[in-house]
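Q: I'd like to go over a predicted model; first the sequence, then the structure.
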Amino acid sequence: MSFLVMTITALFTLALYSFLYKDNPVYRFAEHVFAGLSAGYYAGLIFQTVLVQQLWVPLWGGQAWLILPALLGSLMFVRLSPKHAWVSRVAIAFVIGANSGILVMQQLHGLVLPQVAKTFVSMASVQGVLIVVGVVCTLIYFYFSKPHTGVLGGVATLGIWFIMISFGAHFGYTVMARVSLLIGRVQFLVIDWLHLTS
Amino acid sequence: MRGPLPLAVAFLAGMFMIVSFFSPHPAVEKASGDFLNWVSIVSGFSILLGVVSIAQNNLAKVKRRQKEWPYAVVLLVALAVMLAGGVLEGTDSGTVYDALFQNVQAPMMTTMFSMLAFFIASAAYRAFRARTLQATLLLGTAVIVMLGRIPVGQAIYDGLPDLANWIMAVPNTAVQRGIIIGAALGGAATALRIVLGLERTYMGRG
Amino acid sequence: MSLAKRLESLDRRWIFLLIGLSVVLPMFLPITFPERITSQTQALYDTMESLPEGSVIMVPFEVWPSTLPETEPIARAAVRHAFRRQMKIVSLSNVGGGGPSIADRVLREEGNAAGKVYGIDYVNLGYRANYLAVLSGMGTSIRSIYQTDYSGTPVDSLPLMRNVDSYKDVAFIFAIADNATLDYWVSIVGERFGAKIGAGVTAVMAPKMFAYIDAGQMVGLLGGMKGGAEYEKLLGLPDQSTRGMGAQSLIHLLIIAFIVLGNVGFFLSRRNARPA
Amino acid sequence: MPRFGGARWTPVAWLVWAAPVWAQAEATTPPGWFNTDRVNALVLLVVFCAALLLYIRSAARGKSTYIRPLPGLEAVEDGVGRATEMGRPVLFIPGTGDVDMAETLAGLAVLGRIAGITARYDTPLMVPCLYPMPLAAADEVVRQAYTDAGKPEAFKSDMVRYMAGESFGFSAAVNGWMMRERPATNIFLGEFTAESLLLAETGNAAGAIQIAGTARPEQLPFFIAACDYTLLGEELYAASAYLSKEPKYLGSLKAQDLFKVILTVAILTGALAVTFGASWAPVFQGWFEAS
């Protein structure tokens, strides 16, 4: 990558890092360049994939039925005029309705059944007991129809302890993730850009 | 006609997806493949709509000379350049669009997320307090897992990495599974309400 | 000002400076640490080794540009491992914010390095809107969703795609992901269409994946930069991930110290506040 | 209150009546129309759907609407009280997600209740929003709450503010507003990503009582460690169902609770069967095997 291009990248990187010192115009400039590029990226990508590759080329290739989703899709833009906004609801309902139909079975068949089936583990081992007890206590903690008192309260308390251990582990992993990103960017600045070390 | 039409469309589209889930018949499979291509196409337009509303928003800010309107101009110029590149030249490697993405947009997004490491460190010092038993349990496990994930932890106590991995593989697995099952029931209820026409908020007040 | 008060009101920019230094300094003293391989990483490596040479695998790039320092080394290790075993790669991305461009760059760079030819050894199908429609649609036929690849070339003119039109024609799916799209690869592509799935994910995503691994819905997992470093060790190529572990260790110790110190300050100030 | 007669009922009645009959008829016709391996998924779908509809109907009639007290929710009401006594504002952020996110809708439902309390006691209210659609929805919710409380004139348009920018730009702007106005109580309910950390830390520095709630597991640890009360995952939806009193949310919650009990019993039965090597254990597990 040419040094000039790398310098441009490094300058934008430092402009964003300036936010650590104080929110300033240089940071705001870089932030708005980023917001503009990402919006433009979506527009360019959708133009090529949907309008050209999924509509224009196949339509000329004889798939005439594709005129229907093209019309339905352009109905979305009617939303911009408040008076006729309801027309765009048909297009939104078409997408959200189809997505919801997929989601119903994805959650019940793809998640609930396998996760429940794989919890039928032998409780002869400590690990087996902890898995079964942990799953049941977590489920019962999120049970809202009865107050958490008495036996139910005990199970729910055990549940929140399990949950806090899991969230603690999650916290540790998240810290590692964010630190890795910082190391990656500083490696770019120190090694790739300034060649201070290998 | 305005009210029930979208509901009927949502019901038919949703039911067809559920039926095609259960039916391996070739005719149903072919029809569902083409149908899903249509859904993908219409979804693409909704993303375009999002971009148009961002552009409208910022154009209005410039026209009315609202506070910080010069930044809106910067945004609009960047958007226009990226869009023109993508439309005229294409989006794959070797284009202006791809060069701007790889060398400006992507590194900036990585930089923004990398700042979180700074904020986590300052929050760890200024805000993460063992106020309650629960928070203490959380912070204690976090410290064990963090130590177990780095070689130095291994030096402190040889069994630490295995302990950290055991915490992930047993108690964490049980909790994640409990949350997955609970969330999936909630998600299925929401999706069913939409298919059966009991839920309309997703259509917005627009 | 009492110790507690001074601890409480420390300006956070000192903390930022300390973190910045602890990232830069380890770079000047390249200390590498022995990497202990976790079972999830080993399982993924063994699965890739067990596949017959030259089989077709799918490597979806479900990543945003924001997590590249974690996901790119893992993606490169996966692609390199596949090319080393003469495997063919079909790639795509459902992330409209940059996924297809990242896939395109990584595949081209690794492909050129390994002397592989686009269209014969690897293909990038690019992006289509709405991952639910895409993942479900490809189950019946990939061509119902993708009639062209990322640069618009018709799929039928790509030799690699000639006998590939559904998940059944793919031996394994090695997903690279930093967001919840992976849950749909597992629950739709895995459960409904029966594909075998392994994944390289960011550390933030890893904890949830253990539930899938325990349930056999996922055959292996690489968690964050550490997972990448382990996989690189198994492949015998110390690369980006391994170099970062020195700084990783230092910052983790620092953050642990901050948590402890912060709570000491908290308890001191609470004890002072209580009536004598 | 959705009526259960007329147009709305017909698609629902068809489904509940047709599914078992259709499935049984299908099973006997030559295989190919119905994947018999997935009967367990069909049974789960039909029973779950029936439970959902019955509970929504009974919630619409005012029955089965009990939800256990949620500590985070009580803290919200006490927090607004605290702000009123101290004469300082309440800051409410309905998350940084858009209106198509379930968490944002749940956050807005709670906002309606809080705006009702701040209207009654004339407590200043601050509601920053990141996207245009949640901004419009929040504005409408607060305006409605002030009119319902009989104080339409007390509603000031700058209570609900549009704070643009990416996640850091948004948090920088909100943090600035927080340090200037010094709210006594911060409430963060909705979908949050990276900015959860920045807001909670500054809120701490500003000396506010903080209550947060989101469904995303990777943000919850930060809220738990930095805030005084946290609504975990589904508790956010329970809170909005409790406050909004919408039958469709109450009914859904009850159906989900019923299935949590059913699945708990199934898990214990299955695990015990495997533990004691019962002969029917594999058959029982087979019922739940997804294929």
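A: All right, it came through fine. Residues are numbered from 1 along each chain as shown, chains lettered A, B, ... in the order given.
Q: nearest residue to the residue in the stretch 1-150 of chain C that chain D sits nearest to other than its sequence neighbours?
A: Relative to chain D, the nearest point of the stretch 1-150 of chain C is residue C:12 (8.1 Å; Cβ to the nearest Cβ). C-beta coordinates here come from the backbone N, C-alpha and C atoms, glycine included. Excluding the flanking residues, the one nearest residue C:12 by Cβ to Cβ, 6 or more residues apart in numbering or on different chains is residue B:122, at 3.8 Å.
Q: quick one: secondary structure of that neighbour?
A: In terms of secondary structure, residue B:122 is helix; the call rests on DSSP: H, G, I helix; E, B strand; the rest coil.
Q: tally of neighbours for it?
A: Burial of residue B:122 is recorded as 25 neighbouring residues (other Cβ atoms under 10 Å in any protein chain shown).
Q: tell me the pLDDT of it.
A: At residue B:122 the predicted local distance difference test score is 87.
Q: so, low pLDDT: which residues of the chain?
A: No chain specified, so I'll use chain A. Across chain A, the stretches falling below the confidence threshold (pLDDT under 70) are A:1, A:198.
Q: try chain D instead
A: Within chain D, the stretches with pLDDT under 70 are D:1-31, D:100, D:164-167.
Q: which stretches of it form strands?
A: Assigned strands in chain D, in chain order: D:90-93, D:125-129, D:160-162, D:185-189, D:209-214, D:229-232 (criterion: DSSP state E).
Q: and of these, who's closest to chain A?
A: Of the strands of chain D, the one closest to chain A (Cβ to the nearest Cβ) turns out to be strand D:229-232, at 6.9 Å.
Q: closest point of chain D to chain A, which residue?
A: Counting by Cβ to the nearest Cβ, chain D gets nearest chain A through residue D:270, at 3.2 Å.
Q: that residue - how many residues pack around it?
A: Once other Cβ under 10 Å is used to define contacts, residue D:270 is seen to have 23 neighbours.
Q: and the closest residue to it other than its chain neighbours, what does it touch?
A: Once flanking residues are discounted, residue D:270 sits nearest to residue A:120: 3.2 Å by Cβ to Cβ, 6+ apart. Taking Cβ atoms under 8 Å, 6 or more residues apart in numbering or on different chains as the criterion, residue A:120 is in contact with D:267, D:270-271, D:273-274, D:281, D:284-285, D:288.
Q: so which residues of the stretch 1-150 of chain D form helices?
A: Defined through DSSP state H, counting those that start in this stretch, the helices belonging to the stretch 1-150 of chain D, from first to last, are D:9-28, D:39-60, D:71-86, D:102-121, D:132-148.
Q: I'd like these laid out as JSON lines, including mean neighbour count and distance to chain B.
A: Written out in JSON lines, the entries for the helices of the stretch 1-150 of chain D read as follows (neighbours: other Cβ atoms under 10 Å in any protein chain shown; distance: least, Cβ to the nearest Cβ, whole Å):
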{"stretch": "helix D:9-28", "mean neighbour count": "14", "distance to chain B": "5"}
{"stretch": "helix D:39-60", "mean neighbour count": "20", "distance to chain B": "6"}
{"stretch": "helix D:71-86", "mean neighbour count": "18", "distance to chain B": "10"}
{"stretch": "helix D:102-121", "mean neighbour count": "23", "distance to chain B": "6"}
{"stretch": "helix D:132-148", "mean neighbour count": "19", "distance to chain B": "7"}
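Q: OK, contacts around residue 135?
A: I went with chain A, as the question did not name one. Here residue A:135 is in contact with A:119, B:174-175, B:177-178, B:181, D:267 (Cβ under 8 Å, 6+ apart).
Q: nope, chain D
A: By Cβ under 8 Å, 6+ apart, residue D:135 lies in contact with D:129, D:160, D:162.
Q: and the residue nearest to residue D:51 when sequence neighbours are not counted, how many residues sit next to it?
A: Taking Cβ to Cβ, 6+ apart, and ignoring the residues beside it in sequence, residue D:51 has residue D:255 as its nearest neighbour in space, at 4.3 Å. Here the count is done by other Cβ under 10 Å, and residue D:255 has 26 residues near it.
Q: test my guess that residue D:255 contacts residue D:48.
A: Yes: in terms of Cβ atoms under 8 Å, residue D:255 counts as a neighbour of residue D:48; the distance is 6.8 Å.
Q: distance of the residue nearest to residue D:270 from residue B:183?
A: Computed as Cβ to Cβ, to the nearest Å, the residue A:120 to residue B:183 distance reads 21 Å.
Q: show me what contacts the closest residue to residue D:253 other than its chain neighbours?
A: If the residues on either side of it in the chain are set aside, residue D:253 comes closest to residue D:241, at 5.1 Å by Cβ to Cβ, 6+ apart. Residue D:241 makes contacts with D:67, D:249-250, D:252-253, as judged by Cβ under 8 Å, 6+ apart.
Q: quick one: residue D:241 and chain C, what's the gap?
A: Taking Cβ to the nearest Cβ, to the nearest Å as the measure, residue D:241 falls 23 Å from chain C.
Q: likewise for residue D:227?
A: Going from residue D:227 to chain C by Cβ to the nearest Cβ gives 14 Å.
Q: ok, that residue - contacts?
A: The neighbours of residue D:227, taking Cβ under 8 Å, 6+ apart as the test, are D:188, D:200, D:203, D:210-212.
Q: count of residues packed around the residue lying closest to residue D:32 once chain neighbours are set aside?
A: Closest residue to residue D:32 apart from its sequence neighbours, by Cβ to Cβ, 6+ apart: residue B:25 at 5.0 Å. If you count neighbours by other Cβ under 10 Å, residue B:25 ends up with 16.
Q: pretty sure residue B:25 contacts residue C:140?
A: No: in this structure, residue B:25 is not within contact of residue C:140 by Cβ under 8 Å, at 11.1 Å.
Q: ok, of the contacts of residue A:135, which one's closest to chain C?
A: Within the contacts of residue A:135, the smallest distance to chain C is 4.4 Å, found for residue B:177 (Cβ to the nearest Cβ).
Q: report the inter-axis angle for the strand or helix carrying the closest one versus helix D:102-121.
A: Assigned by DSSP states H and E, residue B:177 belongs to helix B:173-195. Orientation note: helix B:173-195 sits at an angle of 80 degrees relative to helix D:102-121 (axes from the mean of the first three to the mean of the last three Cα atoms, to 10 degrees).
Q: quick one, phi/psi of the closest residue to residue C:72 other than its chain neighbours?
A: Distances taken as Cβ to Cβ, 6+ apart put residue C:106 closest to residue C:72, at 6.6 Å, once the chain neighbours are dropped. The phi and psi torsions at residue C:106 (degrees, to the nearest 10) take the values phi -60, psi -40.
Q: just list the residues touching residue C:106, thanks.
A: If a contact means Cβ under 8 Å, 6+ apart, then residue C:106 has C:61, C:72, C:75-76, C:79 as its contacts.
Q: which residues do residue D:255 and residue D:48 both contact?
A: Common contact partners of residue D:255 and residue D:48 (Cβ under 8 Å, 6+ apart): B:185, B:189.
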